[in-house]
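Colleague: I would like to see how this sequence folds:
(chains A and B)
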Amino acid sequence: MNGTVVKNQLIFDFASGLLGPAKSLFASTYLHLNSNASRISFTFENMLGENLIDNENIHPKNLKYTDCINGENSKSTSYVEDPVNSFFGSLNNLNWKQIYKGFNEYTAKIDDKDELKLIKMDPGVSVPLHSHGGKEYILVLEGSFCDEYGEYCKGDIQINDQKIKHTPIASRDTGCVCLSITEKDVIFFGKYGSFLNLFTFIKSFFKPK
Amino acid sequence: MEKSHLINLMNRIKIDRDEMAFSEIFDFFAPKVNAYFIQNGIRFERSEELTQEVLSSVWVKSDLYDSNKSALSTWIFTIARNKKIDFFRKNSKIDFKEEDIREFLYQDREVDLIEENEAKAQIEKINNELDEQQKIMIKMNFFENKSHKKIADELEIPLGTVKSRIRHILTKMQGFLR
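Modeller: Just a heads-up that it's a prediction; the model follows:
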C-alpha cells in the first residue's frame, strides 16, 4: 500500500469514528494543520452523509418527534481549537524526558493500545538508523526534519512500517517538534543499534500499567 | 426528499421554531439514524435512545447548521457518529479518567477551501467510478463499521478478496480526492 493510501485510510477511519483515542487525537491534529487532509475528510464525510440519506429505514418504536423538542435554540458558537494545545497545554511547560542529548519525549497519559508521544529534537539532532516493529505515524507540529525519503514540514505526516529504515535529522535552523503514534517498539541498527534495542527492551519492563 | 425542501425546513426550525417543520425532518431522518446505530452493532432500545439524542441536537443546535457549509445529511451524520463514539467509549474497558479528549476532536472545522458543491462534484466523480459492490463495501466498512471478516461473511467472498478490493477502492478514490 503506498503512503498516500495509508494517509487516506487514517482520514477515512477518523471520519467514520473508527479510531481509538490516541489515533483520534493524532488525526484531528493532522486535519487541523493540513488543509488538504481536512478537505479530503470533508468530502468523505459528505459521502457518508449520502449513505445516511439512502439508508434503510428502521422505525423507532416508542419515539415521537415531540420527545425531541425540548430546549431553546442554542446560541453557542463553535470555534476551532488546536487539539494538541487543548490536550497537552503549553508545550514549554511539559515535563519532557531526555532520551539522549537534544532528543526529548513526552508520553501522553491516554489509556489506549497505541502510544501517543510528543518528540522534540534540537536543531541538527538526528535519530540513529532504525526501522519499526509496527507502524509509526509522525506528524510535524513545529519546525521540520528530513530523512532519506524527503523533507517534512509543519502539517506533513510520515507513516513508517517494518520495511522502512531511515535516519531522520531535525532542521539545523528550527529543530523539530512532532506528534507520534507507535503501534510497537522501534528496532535500531548500526553502531549503537544493539545497545538501543537492549535499552528499549529493558525500558519495556518499566512501562507504567 | 429534495435538498431545497430540507434547507427550507431547517430555516423554519431555526427562525420560527416551527414544530411541524421539525416533525418532517424527524419522520425522514429518525428511521435512518436508528438504522445507522443498529448497523453499528447497537441493540434496539439503545439505538432508539441515541436516535432521540441526535434529533434533539438537531432541534437545539439548529442555529449552528449552515447550509452553505455542508449538506444537512452530512451535518446529521456527524452528530450521529459523535453519539456513537460516546456510546462505545462509555461502554469500553478503556478508562478515560484523563480529561475527556473527545470533546475537541470532532469540532466543526472551518473548511474554507472547499464548497459543499465542490465536495458534491468530487463525490459524483467517485460514484461514477465505483461499481455497486464497491459502493456496498465502502458503506459496510466506513458507515456500518463492519470488520473485513464480517464483510467477507455477509458478501460470501474470501477475506483476502475483501482486503484487496477495499485497498483497490481506496487507491481508485485517490485520484479524485484533491
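
Colleague: quick check: closest non-adjacent residue to B:Val60.
Modeller: A:Gly71 (4.5 Å; Cβ to Cβ, 6 or more residues apart in numbering or on different chains). (Each C-beta comes from the backbone N, C-alpha and C, glycine too.)

Colleague: what are the boundaries of the helices in chain B?
Modeller: Secondary structure of chain B (DSSP state H): helices located at B:3-16, B:19-39, B:44-60, B:72-91, B:116-129, B:132-138, B:148-155, B:159-174.

Colleague: wondering if the fourth one reaches chain A at all.
Modeller: I take that to be helix B:72-91. Yes - using Cβ under 8 Å from any Cβ of the partner chain, helix B:72-91 reaches chain A at B:Ser73, B:Thr74, B:Trp75, B:Ile76, B:Phe77, B:Thr78, B:Ala80, B:Arg81, B:Asn82, B:Lys84, B:Ile85, B:Arg89.

Colleague: can you tell me how far A:Ala15 sits from B:Ser67?
Modeller: 20 Å (Cβ to Cβ, to the nearest Å).

Colleague: same check, this time on A:Ser35
Modeller: A:Ser35 is 22 Å from B:Ser67, by Cβ to Cβ.

Colleague: then A:Thr167?
Modeller: Separation of A:Thr167 from B:Ser67 (Cβ to Cβ) stands at 50 Å.

Colleague: give me the more crowded residue out of these two.
Modeller: B:Ser67 (17 against 14; other Cβ atoms under 10 Å in any protein chain shown).

Colleague: find the nearest non-adjacent residue to the more buried one, please.
Modeller: B:Ile7 (4.7 Å).

Colleague: avg pLDDT for stretch B:145-161?
Modeller: Throughout stretch B:145-161, pLDDT has a mean value of 94.

Colleague: give me the low-pLDDT residue ranges for chain B?
Modeller: Scanning chain B for pLDDT under 70 picks out B:91-115, B:178.

Colleague: which parts of it belong to which domain?
Modeller: In terms of domains, chain B is parsed into B:1-112, B:114-178 (source: automatic domain parsing).

Colleague: looking at those, which is buried most?
Modeller: domain B:1-112 (a mean of 18; mean count of other Cβ atoms under 10 Å in any protein chain shown).

Colleague: state the distance from B:Leu6 to B:Leu170.
Modeller: Counting by Cβ to Cβ - B:Leu6 and B:Leu170 are separated by 30 Å.

Colleague: ok, A:Glu50 next?
Modeller: Taking Cβ to Cβ, one finds A:Glu50 at 18 Å from B:Leu170.

Colleague: got it, and A:Glu136?
Modeller: Look at A:Glu136 and B:Leu170: by Cβ to Cβ, they are 20 Å apart.

Colleague: distance to A:Cys178 added to the domains of chain B, as a markdown table?
Modeller: Shown next, in a markdown table, are those (distance: least, Cβ to Cβ, whole Å):
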| stretch | distance to A:Cys178 |
| --- | --- |
| domain B:1-112 | 19 |
| domain B:114-178 | 25 |
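
Colleague: so who does the residue positioned nearest the centre of chain B touch?
Modeller: Nearest to the geometric centre of chain B sits B:Phe77, at 3.0 Å (Cα atoms, centre = their mean). When contacts are counted by Cβ atoms under 8 Å, 6 or more residues apart in numbering or on different chains, B:Phe77 touches A:Glu45, A:Leu48, A:Gly49, A:Asn51, A:Leu52, B:Tyr36.

Colleague: how about 7 Å then?
Modeller: Counting by Cβ atoms under 7 Å, 6 or more residues apart in numbering or on different chains, B:Phe77 touches A:Glu45, A:Leu48, A:Gly49, A:Leu52.

Colleague: which among those end up buried?
Modeller: Neighbour-count burial (16 or more other Cβ atoms under 10 Å in any protein chain shown) applied to the contacts of B:Phe77 gives A:Glu45, A:Leu48, A:Gly49, A:Leu52.
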